[in-house]
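Asks: here is a sequence with its predicted model. Questions after.
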Amino acid sequence: MNNYAVEIKNVSKRFKTYNNPINRLKELFYENREFSENYTALKQIDLKIPKGQTIGLIGENGSGKSTLLQLICGILKPTNGEVSVDGKISALLELGAGFNPEFTGKENVYMNGAIQGFTKEEMDVRLPAIESFAEIGDFIHKPVKTYSSGMYVRLAFASAINVDPDILIVDEALAVGDLYFQLKCIEKIKDFKKNGKTIIYVSHDTYSVKNICDYVVWIDKGVIKEQGNPIQVVPHFEDFMKLKKDVVTNTKHMKEESTSNDLVLNILNADFFDYKTDHKKQQFEINEGMTVVIHYELLKPIDEIVAGIAIFGPDGSSVCGLNTKLDGKVIMPQLGKNSIMLHYDQLNLFPGTYNIHVGFFEKEAIGRLDYKAGLGSFNVISSGYKGEGIVLLNHTWEVE
């Protein structure tokens, strides 16, 4: 297989569906009659995943992402085509997969290790690291069926990363955990990347996909719709979801996350000021300077944070997104209320109403601490200049 961890060649997967449970029984007695319909989950998928690559799978619910992961893991067999894997896989699939609910957490850890080929003695060595990472205390000695979803994910992720996998698969499971644990998982995923492991990451959180993944594959209705650089593919997917007005849009997802009960940071509000006079206002002339002040409250200690502000135009399109990490500005806030300012020397924007989206992240700008879409708005007016579009570029005409 050379340099590829996973090779998928012309793979299709079909399932039989039955309108009525009794139809499944009828097929046993009437061999020459069909009582089922075929549902095609994947159609002629070709994909190569190089060793050491972190690849993101995106797509709306029901697009075929989970089916593809189950084929890679060997849980399902393809109807047509071939799936080849070079390396040991550890997978964190949908909540509830992989653990026996009647077993204790510890018993499930040992069972998972045995499936991966480890002896009891080898798992004895790994158990302290698993317990330390999961942080579920004495619950590790209790049946998994008594766990909350967050506790389940903690133990499942801790088990998955401590069996020395060559390929780590994470399918949406981290969305269940609390923010503190999500940040721990992100740090571990980054360690895996540094060590040259292959990671397959599935999430509706397109921001984390852009920041974690080297390559993205967008699956739609069982086929690969687009693949390539996350910076190019993810915006196309986001635009597609906005056009469909689907409930799983990036903005709604981020709003939902910001309502977590485990907030480290809470964005409060935004104010707009004249860049030169510091007078508070929300209406600006073309090319006038503007200062945005973001007020926020730090609820739990954290070493360093990243702030980002994005301007969206009257039509909802992204105009300009900036963050402190890209500009080399370090923020080390104190507990309690804080503020941060962003100065725009010139608003090179045509007339209209513009909205700002504001986000705060951990120091690597991957784990989101809080996000507020449409936190504030300002107006741009013109006393004379007319033009088309959104951005007014500085320019000079020259006639010869």
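Replies: Sure thing, it's come through.

Asks: every contact and neighbour count from this point should use C-alpha atoms.
Replies: Noted.

Asks: what does residue 8 show for phi and psi?
Replies: For residue 8, the backbone dihedrals (degrees, to the nearest 10) come out as phi -120, psi 120.

Asks: quick one, what contacts it?
Replies: Going by Cα atoms under 8 Å, 6 or more residues apart in numbering, residue 8 touches 45, 46, 47, 48, 81, 82, 83, 84.

Asks: go on, residue 110?
Replies: In this structure, residue 110 makes contact with 120, 123, judged by Cα under 8 Å, 6+ apart.

Asks: work out for me the element it sits within.
Replies: helix 105-115 (DSSP states H and E).

Asks: again, but for residue 122
Replies: Residue-wise, residue 122 maps onto helix 120-134 under DSSP H and E.

Asks: quick one: that helix to helix 105-115, angle?
Replies: Going by axes from the mean of the first three to the mean of the last three Cα atoms, to 10 degrees, helix 120-134 is angled at 130 degrees with respect to helix 105-115.

Asks: in helix 120-134, what's buried?
Replies: The neighbour-count check on helix 120-134 (16 or more other Cα atoms under 10 Å) flags 123, 126, 127, 130, 131, 133, 134 as buried.

Asks: measure residue 68 to residue 56 for me?
Replies: Distance of residue 68 to residue 56, given as Cα to Cα, to the nearest Å: 12 Å.

Asks: name the residues contacting each of those two.
Replies: Shared contacts of residue 68 and residue 56, defined by Cα under 8 Å, 6+ apart, are absent.

Asks: what helices or strands is the helix holding residue 122 leaning on?
Replies: helix 105-115, helix 149-161 (3 or more Cα pairs under 8 Å, 6 or more residues apart in numbering; DSSP states H and E).

Asks: most packed of these?
Replies: Highest mean neighbour count of the helices and strands packed on helix 120-134: helix 149-161, a mean of 23 (counted as mean count of other Cα atoms under 10 Å).

Asks: what's the following helix or strand after it?
Replies: In N-to-C order, the element after helix 149-161 by DSSP H and E is strand 167-171.

Asks: now do that following strand against helix 149-161, angle only.
Replies: Counting by the same axes, to 10 degrees, strand 167-171 lies at 170 degrees to helix 149-161.

Asks: nearest residue to residue 325 in space, please, no chain neighbours.
Replies: residue 306 (6.0 Å; Cα to Cα, 6 or more residues apart in numbering).

Asks: who does the one you found form a beta bridge with?
Replies: Beta-bridge partners of residue 306, counted by DSSP bridges, are residue 361.
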